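[1] I'd like to go over a predicted model; first the sequence, then the structure.
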Amino acid sequence: MNCKEMNITTRLWLHRHHLLPCPFDSGHYRRRPFPSLLQLLLSKKENTSLRSKITTKSVPRAFSTSASAAMVKAIRVHELGGPEVLKWEDVEIGEPNEGEICVKNQAIGLNFIDVYFRKGVYKAATMPFTPGMEAVGVVTTVGPGITGRKVGDVVAYAGTPMGSYSEEQILPADKVVPVPPSIDPVVGASIMLKGMTAHFLVRRCFKVEPGHIVLVHAAAGGVGSLLCQWANALGATVIGTVSTDDKAVQAKEDGCHHVIIYKEEDFVARVNEITSGNGVHVVYDSVGKDTFQGSLACLRGRGFMVSFGQSSGVPDPVPLSSLAAKSLFLTRPSLMQYTTTRDELLEAAGEVFANVASAVLRVRVNHKYPLSQAAQAHADLEARKTSGSVVLIPDSIIGSTS
């Protein structure tokens with residue numbers, strides 16, 4: 001299905017909110033120019049009074065200890081460790097300051113980066129902290145000086161600030177994007193961080209084109225599933241590695257031309273066989289320690305090693321001289337470095353939403369847990385018992401719909 005076949009209501013909504021770089025035009029991507037945040041705000045007649053009020057805030061005030069603050073439930077981490085350190089607690093949330101909004105979360109995305117912060121692989125800014133970097137919710141309060149957002153809006157965010165494992169949270173207004181009415185909140189919460197990660201991996205970090213051969217590790221995972229679909233749609237030959245027969249079936253459905261069950265065969269030898277000894281153009285490796293050296297061995301001359309995760313542990317140090325034999329490129333990218341501006345954020349989210357709406361991307365929400373059971377969700381994710389996306393639903397939302 002191409003962009004022209006997309007539901008007309010969805011297309012008009014996406015264009016109106018500057019979220020539609022048409023995913024396909026005669027089989028090729030093209031970008032729609034995006035106005036800056038200032039242009040978006042100041043172009044509206046009712047926003048002329050904002051010219052002297054725009055401020056930038058890097059760290060939002062997420063929780064408050066004041067007596068008048070509202071009480072909500074959240075997952076808190078008081079010490080680093082296993083899933084058991086995720087505690088279900090009452091917290092107080094304050095009122096949004098200038099440039100901020102309060103959002104009542106409807107669905108929260110679970111990502112491996114949450115595990116890294118829980119373990120201390122990545123260091124949280126404060127202790128204790130509330131994990132989580134992806135959610136969709138409804139705006140309940142708008143802080144001073146905000147236009148363009150209103151109570152009742154459905155919005156999504158991914159990345160910073162951390163703290164989405166909460167029934168409600170306060171966010172900088174310029175960090176959220178509007179969610180198209182065609183996107184269910186559960187789908188939105190599962191696609192924002194993973195979808196924008198897949199976007200920068202195949203569109204910017206290494207630009208996948210027809211004729212490329214790509215290797216995707218954890219091909220049945222949340223990001224892996226989207227990578228396989230997107231790379232296939234761009235005309236690449238996709239090789240995916242998985243751990244089980246069931247995940248191999250899913251990877252095939254998601255566009256893998258060749259699936260390797262790494263527990264049963266050596267993926268390096270199999271890739272060498274598939275490519276007739278030539279190797280692949282790019283490896284997307286989110287596994288880390290267990291696959292890193294093998295991934296390098298799978299690359300052809302001037303190939304790209306994209307290490308964007310480390311679910312099996314941090315890879316051993318790599319001497320630069322080891323890249324010289326094949327003149328390899330090595331990068332360790334992060335989504336936050338590819339969405340540093342408002343324009344970049346809108347472009348990434350817009351292309352993801354457009355590809356979901358046009359069925360270029362099929363979102364697999366294979367697991368849903370109550371937010372209070374985040375510890376069990378983390379345990380299952382680390383044990384590789386999950387596939388596709390995992391979403392946490394606030395207990396208050398479950399209670400209101402049961």
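    Structure's in. What do you need? Numbers count the residues shown, from 1 in each chain.
[2] Show me the helices in the stretch 301-402 of the chain, by range?
    For the stretch 301-402 of the chain, the helices defined by DSSP state H, counting those that start in this stretch cover 335-338, 342-357, 374-382, 395-401.
[3] Just put those in JSON lines and tack on mean pLDDT, distance to residue 264 and mean neighbour count.
    Any C-beta I mention is one placed from the backbone N, CA and C, and that applies to glycine too. Putting the helices of the stretch 301-402 of the chain into JSON lines (pLDDT from 0 to 100; distance: least, C-beta to C-beta, whole Å; neighbours: other C-beta atoms under 10 Å) gives the following:
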{"stretch": "helix 335-338", "mean pLDDT": "93", "distance to residue 264": "32", "mean neighbour count": "16"}
{"stretch": "helix 342-357", "mean pLDDT": "94", "distance to residue 264": "33", "mean neighbour count": "24"}
{"stretch": "helix 374-382", "mean pLDDT": "97", "distance to residue 264": "22", "mean neighbour count": "19"}
{"stretch": "helix 395-401", "mean pLDDT": "80", "distance to residue 264": "39", "mean neighbour count": "13"}
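[4] all strands of the stretch 101-250 of the chain, in order?
    134-142, 154-158, 168-172, 177-178, 213-216, 237-242 (DSSP state E, counting those that start in this stretch).
[5] Mean neighbour count, these: which tops it?
    strand 213-216 (a mean of 28; mean count of other C-beta atoms under 10 Å).
[6] want to throw the helices of the stretch 301-402 of the chain into CSV with distance to residue 272?
    CSV is the format used below for these (distance: least, C-beta to C-beta, whole Å):
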stretch, distance to residue 272
helix 335-338, 31
helix 342-357, 32
helix 374-382, 31
helix 395-401, 49
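[7] still on that earlier bit, now render the strands of the stretch 101-250 of the chain as a markdown table, adding distance to residue 226 and mean pLDDT.
    As requested, those are arranged in a markdown table below (distance: least, C-beta to C-beta, whole Å; pLDDT from 0 to 100):
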| stretch | distance to residue 226 | mean pLDDT |
| --- | --- | --- |
| strand 134-142 | 14 | 97 |
| strand 154-158 | 13 | 96 |
| strand 168-172 | 24 | 96 |
| strand 177-178 | 18 | 96 |
| strand 213-216 | 10 | 98 |
| strand 237-242 | 12 | 98 |
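[8] Residue 295 is nearest to which of those?
    For residue 295, the closest of the strands of the stretch 101-250 of the chain is strand 213-216, at 7.1 Å, according to C-beta to C-beta.
[9] strands paired with that closest one, and their directions?
    strand 237-242 (parallel), strand 280-285 (parallel) (DSSP bridges).
[10] so which of those gets nearest residue 147?
    Counting by C-beta to C-beta, residue 147 lies closest to strand 280-285 out of the strands paired with strand 213-216; the figure is 39.6 Å.
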